[in-house]
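> Pasting the sequence and the predicted coordinates here, then a few questions.
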Amino acid sequence: MRKQLPMTGWYDPGMLVQTGIRVAISTVFGQFVDRRESIAAANAVAAQPFDPSFDYSKKSTDGAFWLDFMADTGDGWDSTFAMAQLVTEPNLRFGDDDLPRGRVLVLGGDEVYPTPSREAYEDRFLGPFDQAFENLGEAPPPMPDLYVMPGNHDWYDGLNSFFELFCRRRMTSSGSIGVPRDGSVIAGRKTLQSRSYFALKLPGGWWLWGTDSQLEGHIDQPQIEYFQWVASHWMEPRSKLILCVGQPHWAYVDNADPKPQFRTMSYVERLAGIARNPKDAPKLMGHELKLVLAGDSHHYARHESASVQYVTCGGGGAFLHPTHHLEDKSFQWKYPPPGVAHDPDQPPQTRRFDIAVAADGRPALFPDPATSRRLTRGNFGFAFLNPGMTLVYFGAYLVFNWLLEVNARTTGHGSLLAAIGGGGFPEALCAYAKLLFASPWSFILMGSAYGGYYYLAGEPNGPQRVLIGAAHWIAQTLTAVLLTCAMALLVGHIWPQDLLFSGSSNVGAIVLGSALAAVGSATVLGLYFLISLNLFGRHWNEAFSALAIKDFKCFLRMSIDADGALRVYPIGLTRTPKAGGSRPGSGEPDALRPHLIEGPLVIR
C-alpha cells in the first residue's frame, strides 16, 4: 500500500547520509557511465520520417491546442496530490476564462524527492497522481500524453528508475534486433518517449524541446545530434520554439563569472537558431526561440531577455523556494542572444535577464517578495522544525561535554559541574576556558566544527569564506559556552552540595547541558540562514528546505490559438489543504482554490 508521506525532512540525519551517498556515487560514476548514450545506441531513432506519435500539429480542438507544464513533483503527499488534482481536472475556470486540461502534460524534472528509488516513485509520485485520476470517476475523459524530463534528483540512481517508468517504449526498425514495446500508462496518461529527451511538433508552427542536462548541466553528444537533426530536417523554416531545460541558469548565473552556469545554456538556446537548411547549407532555417521553461527552483518567476521569455515554474509539489533574493542579471558573454548571428571578431556582448513586470505593475514572482521575506522568519524555529539536526547537535555536544568532564577529573576538579557551577558567571567562564586548554582533543573537535561552518559558507575559497565561517563558528561556540555555564550555575544554586557532586548529578548535568547547547546551536543555524538570505541573498535553498513549506504551488497551462499565438496561463495555489484537499469547485471547506498568478502572457 502506498504511503501518504509528509514533506521531506532535509535535515534528518538518515536522509542526509543516504542522499549524500547517492550524490557522491552518481557524481563519480556519472562521469564514466552515461546512460543516455547507451539508451540512444540501443533504441535508435529513425532519421525519416518524423515519428507521428510526437506530432500534435493537427490535434487541436475548438480552434486551440492546450498543453501543461509542471516541474518538481513528488515531495509530500498533500502538495503533490493537490497539484496532481489540478492538472487532472477536465478544466479550470478563472472568471470568464475556461481553461481545458492540456492534450500534453510535460513534467520538467525532479519527479521525486529526495532520491529516485522505485519505492519513492511509488509513494511520492505515482500514488498522488493515481489517486487524482481515480477521483475523476469511473469514466474519465481522455487523458493527456505524458512527457517527462529528468532533473538532478532523478539522476541519483543513474536514471534506472526513470527509464523504467517513463522510457519503457521501444521502437524497432528493419534490420535491428528487438521487439517493439508500448510505453507505460501512468494515471491514465500514455508515455511515448524512448529517451530522456524529446521533441514535439505542435500546431501553428510551434515546437517543444525537452532536454536532459544530467547532474552538472552536461548535454551529451547523441542528444545534441538529435536536436540538430530535428532543427534541420523536421522543423519547417522559421518555426517557433518552446525550450524546456533542467535549471533556470539565467537566474543562477554569477555576473562576475558566468561561464560555469551559462555555458551549456548558451549553446542549447542558440541550437535551433544556428540550424542550416540541408538543401541549401549556407542558408539558416530561421527558427525563433520564443519561450524557455525550467523547474529546479520551486517558485514562479519570469525573466525577459530581448524578445525571449524565460519562465521558472517549479511548483509541482516540492518545498517552496524564496523569491525575494532574485535579481536582474547582466554579464558579458562572447555569444549573442538567440536569433542574432555570431561574429567571432566582435567583442563580448552584454546579456541581460530582467525580472518581468506583470500587468498590475508588480514583479512577475510567486510568492511575492514581501511574502517570501516574511516566510524566512520561520527559521527562528529551526531547532523544532528540524529535530533531526537538533539531535545531531545533541550527540556532538554530548561527546564534547563528556570530554570536558574527563578534563575536569584529571585536573582535580572532580567533575564538569563542580568546576564551573560553584561560583559566579565570570568564574564559570574562566573555569570552562581552563578545561578547554587541559586537552588537545577539545581543540581538535572545535577545529572540526570550524571546518564544517567554513564548508557551509559556500563562498569561493578566499578571505570572505574564511570570515563567514569564522563568524558562524564564533556565534555557535559562544552560544554553547554560555548555555552550558548558565546551566551549571543554575544547577549549582538549586541543588544541595551533597547532590551536586554525586555521579548521577554529573551525568544529568552533561545531558542537560548538551540538550540546551543543541537547541541553542540549531537556533543559531536557523538565524544564520535567515540573516544570510534576507540581508545578503545567500543560502536560499538551505533556508527554505529547512521550512518544508507545502504552500504556494504553481504550474503552467498553455494554449496555441488558431492564429498561432501562444498564451501562457501561470496558475498558482496559495494554500495546500491537508491531505491535498477536495476538487476545485466542490463546495467543500478544503476545496482547492487555484488562481492566475498573472497574464495570460501572449507570445506570437
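That came through fine. All of these numbers come straight from a predicted model, not from anything done at the bench.

> three-state assignment of L86?
Under DSSP: H, G, I helix; E, B strand; the rest coil, L86 falls in the helix class.

> Next up, the contacts around it.
92, 555, 571, 573, 584, 592, 594 (C-beta atoms under 8 Å, 6 or more residues apart in numbering). For the C-beta atoms, the positions are set from N, CA and C on the backbone; glycine is no exception.

> same thing but at 6 Å, please
P594 (C-beta atoms under 6 Å, 6 or more residues apart in numbering).

> Could you report the pLDDT at it?
Per-residue pLDDT puts L86 at 97.

> Check S521 too.
You'll see S521 listed with a pLDDT of 96.

> any idea how far G76 is from P426?
49 Å (C-beta to C-beta, to the nearest Å).

> Comparing those two, which shows the higher neighbour count?
Higher neighbour count among G76 and P426: G76, with 23 against 9, using other C-beta atoms under 10 Å.

> Please identify the buried residues of stretch 299-311?
299-305, 308-311 (16 or more other C-beta atoms under 10 Å).

> Tell me which two of these sit farthest apart.
H299 and V308 (20.0 Å; C-beta to C-beta).

> Provide the count of other residues in contact range of K59.
Neighbours of K59 using other C-beta under 10 Å come to 13.

> Excluding chain neighbours, what is closest to it?
Excluding the flanking residues, the one nearest K59 by C-beta to C-beta, 6 or more residues apart in numbering is R103, at 6.0 Å.

> Pull the contacting residues for the one you found.
59, 66, 144.

> I figured S194 was touching R169, is that so?
Yes. If you go by C-beta atoms under 6 Å, S194 and R169 touch, sitting 4.8 Å apart.

> neighbour count winner among these two?
The neighbour comparison of S194 against R169 (other C-beta under 10 Å) goes to S194, with 23 against 18.

> Identify, from the contacts of R103, the entry nearest to Q228.
Among the contacts of R103, and counting by C-beta to C-beta, the member closest to Q228 is K59, at 26.1 Å.

> Let me see the confidence value for that closest one.
For K59, the predicted pLDDT is 80.

> now swap in Q349 and tell me
pLDDT, Q349: 89.

> Could you find the closest non-adjacent residue to it?
P336 (5.4 Å).

> what's the one you found sitting at in phi/psi?
phi -80, psi 170 (degrees, to the nearest 10).

> And it, how close does it get to P344?
11 Å.

> that older thread, narrow the buried residues of stretch 299-311 to those in strands?
Among the buried residues of stretch 299-311, DSSP state E puts 300-305, 308-311 in strands.

> before we move on, the earlier item: ok, the contacts of R103 vs T411, which is closest?
Once C-beta to C-beta is applied, the member of those that ends up nearest T411 is P144, at 73.1 Å.

> My guess is that closest one contacts L107. True?
No. Using C-beta under 6 Å, P144 is not in contact with L107; the gap is 11.2 Å.

> quick one, which of the two is more surrounded?
For P144 versus L107, neighbours defined as other C-beta under 10 Å are more numerous around L107 (28 against 19).

> What is the neighbour count of the residue nearest to the more buried one when sequence neighbours are not counted?
Distances taken as C-beta to C-beta, 6+ apart put V148 closest to L107, at 4.5 Å, once the chain neighbours are dropped. Using other C-beta under 10 Å, V148 is surrounded by 24 other residues.

> picking that back up, touching, the residue nearest to Q349 and T350? I think so.
No. Using C-beta under 6 Å, P336 is not in contact with T350; the gap is 10.1 Å.

> Sounds good, over and out.
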